[in-house]
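**Student:** Structure for the following, please:
(one chain, ligands or ions: 1)
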Amino acid sequence: MAIANTFKKRKIAVLGSRSVGKSSLIVQFIENQFVENYYPTIESNFQKTVRYKGTEFECEIIDTAGQDEYSLLSSKHVIGIHGYVLVYSVNSRNSFNMIQIVYDKIIDFCGKQDIPCVIVGSKMDLQSSRQVQSMEGENLAKQNHAAWVETSAKDDANISEVFELCLAEIEKRSDRNLQRDAASPSSRGSCHIM
Ligand SMILES: Nc1nc2c(ncn2[C@@H]2O[C@H](COP(=O)(O)OP(=O)(O)OP(=O)(O)O)[C@@H](O)[C@H]2O)c(=O)[nH]1
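**Tutor:** Presented below is the predicted three-dimensional model:
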(Lines give C-alpha, C1' and ligand atoms only; values in the text may rest on other atoms or scores of the structure.)
Protein backbone atom coordinates (compact mmCIF):
# COMPACT_ATOMS: atom_id res chain seq x y z
CA MET A 1 0.00 0.00 0.00
CA ALA A 2 1.34 3.43 -0.88
CA ILE A 3 2.19 5.65 2.06
CA ALA A 4 0.47 9.03 1.80
CA ASN A 5 2.90 11.90 1.24
CA THR A 6 2.28 14.20 4.20
CA PHE A 7 4.61 16.94 2.94
CA LYS A 8 3.13 19.98 1.33
CA LYS A 9 5.16 21.25 -1.60
CA ARG A 10 5.76 24.96 -1.99
CA LYS A 11 7.69 26.61 -4.80
CA ILE A 12 9.28 29.96 -3.96
CA ALA A 13 11.00 32.25 -6.49
CA VAL A 14 13.65 34.72 -5.33
CA LEU A 15 13.94 37.79 -7.56
CA GLY A 16 15.60 41.21 -7.48
CA SER A 17 18.40 43.25 -9.04
CA ARG A 18 21.85 41.85 -9.73
CA SER A 19 24.21 41.39 -6.79
CA VAL A 20 21.69 42.25 -4.05
CA GLY A 21 22.49 38.98 -2.26
CA LYS A 22 19.79 36.57 -3.46
CA SER A 23 22.16 33.59 -3.70
CA SER A 24 23.84 34.49 -0.40
CA LEU A 25 20.45 34.59 1.33
CA ILE A 26 19.50 31.16 -0.04
CA VAL A 27 22.91 29.58 0.61
CA GLN A 28 22.88 30.87 4.20
CA PHE A 29 19.40 29.39 4.65
CA ILE A 30 20.19 26.00 3.08
CA GLU A 31 23.87 25.48 3.95
CA ASN A 32 24.48 27.87 6.86
CA GLN A 33 27.41 29.55 5.22
CA PHE A 34 28.29 32.92 3.73
CA VAL A 35 30.41 33.28 0.61
CA GLU A 36 32.21 36.60 0.30
CA ASN A 37 32.98 36.21 -3.45
CA TYR A 38 30.47 37.20 -6.08
CA TYR A 39 29.46 34.59 -8.67
CA PRO A 40 26.61 35.81 -10.92
CA THR A 41 23.72 33.33 -10.96
CA ILE A 42 22.24 31.87 -14.10
CA GLU A 43 19.59 29.89 -12.28
CA SER A 44 19.67 27.30 -9.49
CA ASN A 45 17.08 25.31 -7.59
CA PHE A 46 17.38 24.38 -3.92
CA GLN A 47 15.27 22.12 -1.70
CA LYS A 48 14.67 22.35 2.02
CA THR A 49 12.03 21.00 4.35
CA VAL A 50 10.69 23.74 6.58
CA ARG A 51 8.50 23.17 9.62
CA TYR A 52 5.96 25.96 9.92
CA LYS A 53 3.10 25.95 12.45
CA GLY A 54 3.40 22.20 12.97
CA THR A 55 3.37 21.33 9.27
CA GLU A 56 6.32 20.16 7.18
CA PHE A 57 6.66 22.05 3.91
CA GLU A 58 8.92 20.75 1.20
CA CYS A 59 10.20 24.00 -0.26
CA GLU A 60 11.73 24.33 -3.68
CA ILE A 61 13.56 27.65 -3.83
CA ILE A 62 14.44 29.10 -7.21
CA ASP A 63 17.44 31.43 -7.34
CA THR A 64 17.14 33.62 -10.42
CA ALA A 65 19.61 35.74 -12.40
CA GLY A 66 19.32 39.40 -11.40
CA GLN A 67 16.68 41.46 -13.14
CA ASP A 68 16.66 45.01 -14.43
CA GLU A 69 13.81 47.14 -15.74
CA TYR A 70 14.27 45.77 -19.26
CA SER A 71 14.31 42.06 -18.31
CA LEU A 72 11.34 40.06 -19.46
CA LEU A 73 9.72 38.09 -16.68
CA SER A 74 10.22 34.41 -17.42
CA SER A 75 7.05 32.31 -17.27
CA LYS A 76 9.15 29.81 -15.24
CA HIS A 77 9.19 32.38 -12.47
CA VAL A 78 5.44 32.73 -12.37
CA ILE A 79 3.73 29.51 -13.46
CA GLY A 80 3.58 27.02 -10.60
CA ILE A 81 5.14 29.46 -8.14
CA HIS A 82 3.38 29.68 -4.77
CA GLY A 83 5.28 32.59 -3.23
CA TYR A 84 7.85 35.29 -3.99
CA VAL A 85 10.84 36.71 -2.19
CA LEU A 86 11.75 40.09 -3.72
CA VAL A 87 15.18 41.27 -2.61
CA TYR A 88 16.75 44.73 -2.63
CA SER A 89 19.94 45.71 -0.89
CA VAL A 90 19.70 48.46 1.77
CA ASN A 91 22.81 50.06 0.27
CA SER A 92 21.35 50.37 -3.23
CA ARG A 93 18.52 52.77 -4.02
CA ASN A 94 18.32 51.39 -7.58
CA SER A 95 17.72 47.88 -6.33
CA PHE A 96 14.93 49.21 -4.07
CA ASN A 97 13.31 50.97 -7.03
CA MET A 98 13.38 47.66 -8.95
CA ILE A 99 11.12 45.95 -6.41
CA GLN A 100 7.91 47.70 -7.52
CA ILE A 101 8.83 47.11 -11.16
CA VAL A 102 9.31 43.37 -10.65
CA TYR A 103 6.20 43.15 -8.42
CA ASP A 104 4.07 44.85 -11.09
CA LYS A 105 5.39 42.53 -13.78
CA ILE A 106 4.36 39.50 -11.71
CA ILE A 107 0.94 40.99 -10.98
CA ASP A 108 0.40 41.73 -14.68
CA PHE A 109 1.42 38.21 -15.64
CA CYS A 110 -0.81 36.56 -13.00
CA GLY A 111 -3.76 38.88 -13.50
CA LYS A 112 -4.18 39.05 -9.72
CA GLN A 113 -4.47 42.00 -7.34
CA ASP A 114 -1.75 40.77 -5.02
CA ILE A 115 0.56 37.82 -4.59
CA PRO A 116 2.09 35.98 -1.61
CA CYS A 117 5.28 37.98 -1.27
CA VAL A 118 8.03 38.98 1.14
CA ILE A 119 10.06 42.09 0.39
CA VAL A 120 13.58 41.73 1.78
CA GLY A 121 16.08 44.50 2.51
CA SER A 122 19.38 42.59 2.41
CA LYS A 123 22.90 43.50 3.62
CA MET A 124 21.66 45.33 6.72
CA ASP A 125 25.15 44.90 8.19
CA LEU A 126 26.30 47.63 5.75
CA GLN A 127 24.86 50.42 7.93
CA SER A 128 27.42 53.07 6.97
CA SER A 129 26.51 52.87 3.27
CA ARG A 130 22.75 52.53 3.79
CA GLN A 131 20.68 54.27 1.09
CA VAL A 132 17.21 52.87 1.92
CA GLN A 133 15.67 53.43 5.35
CA SER A 134 13.74 50.65 7.07
CA MET A 135 10.55 52.73 7.04
CA GLU A 136 10.66 52.97 3.24
CA GLY A 137 10.86 49.19 2.94
CA GLU A 138 8.02 48.72 5.39
CA ASN A 139 5.82 51.24 3.57
CA LEU A 140 6.48 49.64 0.19
CA ALA A 141 5.47 46.26 1.62
CA LYS A 142 2.28 47.70 3.15
CA GLN A 143 1.26 49.29 -0.16
CA ASN A 144 1.62 45.92 -1.87
CA HIS A 145 0.06 43.75 0.89
CA ALA A 146 3.40 42.02 1.31
CA ALA A 147 5.50 41.04 4.33
CA TRP A 148 8.82 42.80 4.90
CA VAL A 149 12.06 42.07 6.70
CA GLU A 150 15.68 43.24 6.69
CA THR A 151 18.41 40.59 6.65
CA SER A 152 22.12 40.01 6.64
CA ALA A 153 23.38 36.82 5.07
CA LYS A 154 26.83 37.79 6.34
CA ASP A 155 25.69 37.92 9.99
CA ASP A 156 23.02 35.23 9.55
CA ALA A 157 20.34 37.69 10.67
CA ASN A 158 16.63 37.06 9.93
CA ILE A 159 17.38 34.49 7.22
CA SER A 160 14.95 31.72 8.19
CA GLU A 161 12.35 34.44 8.92
CA VAL A 162 12.26 35.26 5.20
CA PHE A 163 11.03 31.79 4.28
CA GLU A 164 8.68 31.51 7.26
CA LEU A 165 7.12 34.83 6.31
CA CYS A 166 6.77 33.63 2.74
CA LEU A 167 5.01 30.42 3.86
CA ALA A 168 2.76 32.56 6.09
CA GLU A 169 1.78 34.74 3.11
CA ILE A 170 1.10 31.64 0.99
CA GLU A 171 -0.96 29.95 3.68
CA LYS A 172 -2.90 33.13 4.51
CA ARG A 173 -4.15 33.30 0.95
CA SER A 174 -4.96 29.60 0.64
CA ASP A 175 -7.01 29.80 3.90
CA ARG A 176 -8.79 32.84 2.50
CA ASN A 177 -9.68 30.91 -0.69
CA LEU A 178 -11.07 28.00 1.31
CA GLN A 179 -13.21 30.33 3.45
CA ARG A 180 -14.48 32.14 0.36
CA ASP A 181 -15.46 28.83 -1.24
CA ALA A 182 -17.25 27.67 1.88
CA ALA A 183 -19.24 30.91 1.88
CA SER A 184 -19.90 30.84 -1.86
CA PRO A 185 -20.44 27.38 -3.34
CA SER A 186 -20.55 28.92 -6.83
CA SER A 187 -16.82 29.57 -6.65
CA ARG A 188 -16.06 25.84 -6.23
CA GLY A 189 -13.91 24.51 -8.99
CA SER A 190 -11.29 27.22 -8.61
CA CYS A 191 -7.69 26.14 -7.92
CA HIS A 192 -6.38 25.55 -4.42
CA ILE A 193 -2.92 25.03 -3.04
CA MET A 194 -2.70 21.48 -1.68
N1 LIG B 1 28.09 42.77 3.55
C2 LIG B 1 27.27 41.87 2.99
N3 LIG B 1 27.53 41.43 1.73
C4 LIG B 1 26.67 40.54 1.20
C5 LIG B 1 25.52 40.08 1.89
N6 LIG B 1 24.85 39.23 1.06
C7 LIG B 1 25.57 39.15 -0.06
N8 LIG B 1 26.66 39.92 0.01
C9 LIG B 1 27.70 40.06 -1.03
O10 LIG B 1 27.12 40.66 -2.18
C11 LIG B 1 27.66 40.09 -3.38
C12 LIG B 1 26.56 39.55 -4.27
O13 LIG B 1 25.92 38.49 -3.57
P14 LIG B 1 25.10 37.38 -4.36
O15 LIG B 1 24.43 36.55 -3.31
O16 LIG B 1 25.93 36.69 -5.35
O17 LIG B 1 24.02 38.28 -5.11
P18 LIG B 1 22.89 37.85 -6.16
O19 LIG B 1 21.73 38.73 -5.92
O20 LIG B 1 22.65 36.38 -6.07
O21 LIG B 1 23.59 38.21 -7.53
P22 LIG B 1 23.12 37.76 -9.05
O23 LIG B 1 23.38 36.31 -9.14
O24 LIG B 1 23.99 38.57 -9.95
O25 LIG B 1 21.71 38.13 -9.22
C26 LIG B 1 28.66 39.00 -2.92
O27 LIG B 1 29.96 39.52 -2.94
C28 LIG B 1 28.23 38.70 -1.50
O29 LIG B 1 29.30 38.24 -0.68
C30 LIG B 1 25.27 40.58 3.21
O31 LIG B 1 24.30 40.24 3.90
N32 LIG B 1 26.18 41.49 3.70
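
**Student:** The ligand versus the closest residue to residue 129 other than its chain neighbours, what's the distance?
**Tutor:** In this structure, residue 129 finds its nearest non-sequential neighbour in residue 91, 4.3 Å apart by Cβ to Cβ, 6 or more residues apart in numbering. For glycine as for every other residue, the C-beta is placed from the backbone atoms N, C-alpha and C. Distance, residue 91 to the ligand, by Cβ to the nearest ligand atom, to the nearest Å: 8 Å.

**Student:** now do residue 8
**Tutor:** Here residue 8 is placed at a distance of 27 Å from the ligand (Cβ to the nearest ligand atom).

**Student:** Name the nearest residue to that residue, sequence neighbours excluded.
**Tutor:** In this structure, residue 8 finds its nearest non-sequential neighbour in residue 57, 5.2 Å apart by Cβ to Cβ, 6+ apart.

**Student:** which SSE is that neighbour in?
**Tutor:** strand 55-64 (DSSP states H and E).

**Student:** what's the angle from the helix or strand just after that strand to strand 55-64?
**Tutor:** Next helix or strand after strand 55-64 toward the C-terminus (DSSP H and E): strand 83-89. Between strand 83-89 and strand 55-64, the angle comes out at 50 degrees (axes from the mean of the first three to the mean of the last three Cα atoms, to 10 degrees).

**Student:** what pLDDT, on average, does strand 83-89 get?
**Tutor:** If you average the pLDDT over strand 83-89, you get 98.

**Student:** and the strand holding residue 57, which residues are buried?
**Tutor:** Across strand 55-64, burial judged by 16 or more other Cβ atoms under 10 Å covers 57, 59, 60, 61, 62, 63, 64.

**Student:** quick one, strands of the chain?
**Tutor:** Listed in chain order, the strands of the chain (DSSP state E) span 8-16, 43-52, 55-64, 83-89, 117-122, 147-150.

**Student:** Next, work out how far apart residue 61 and the ligand are.
**Tutor:** From residue 61 to the ligand the distance is 12 Å (Cβ to the nearest ligand atom).

**Student:** And residue 22, by the same measure?
**Tutor:** Residue 22 is 4 Å from the ligand, by Cβ to the nearest ligand atom.

**Student:** Grab the nearest non-local neighbour of residue 163.
**Tutor:** residue 50 (5.8 Å).

**Student:** Give me the neighbour count for that neighbour.
**Tutor:** Residues within reach of residue 50, counting by other Cβ atoms under 10 Å, total 18.

**Student:** again, but for residue 120
**Tutor:** Neighbour number of residue 120 under other Cβ under 10 Å is 32.

**Student:** Quick check, it in contact with residue 159.
**Tutor:** No - using Cβ atoms under 8 Å, residue 120 makes no contact with residue 159, being 9.7 Å away.

**Student:** Who is the residue nearest the centre of the chain paired with across the strands?
**Tutor:** For the chain, the residue nearest the mean C-alpha position is residue 85 (1.6 Å; Cα atoms, centre = their mean). With DSSP bridges applied, residue 85 shows beta-bridge pairing to residue 14, residue 118.
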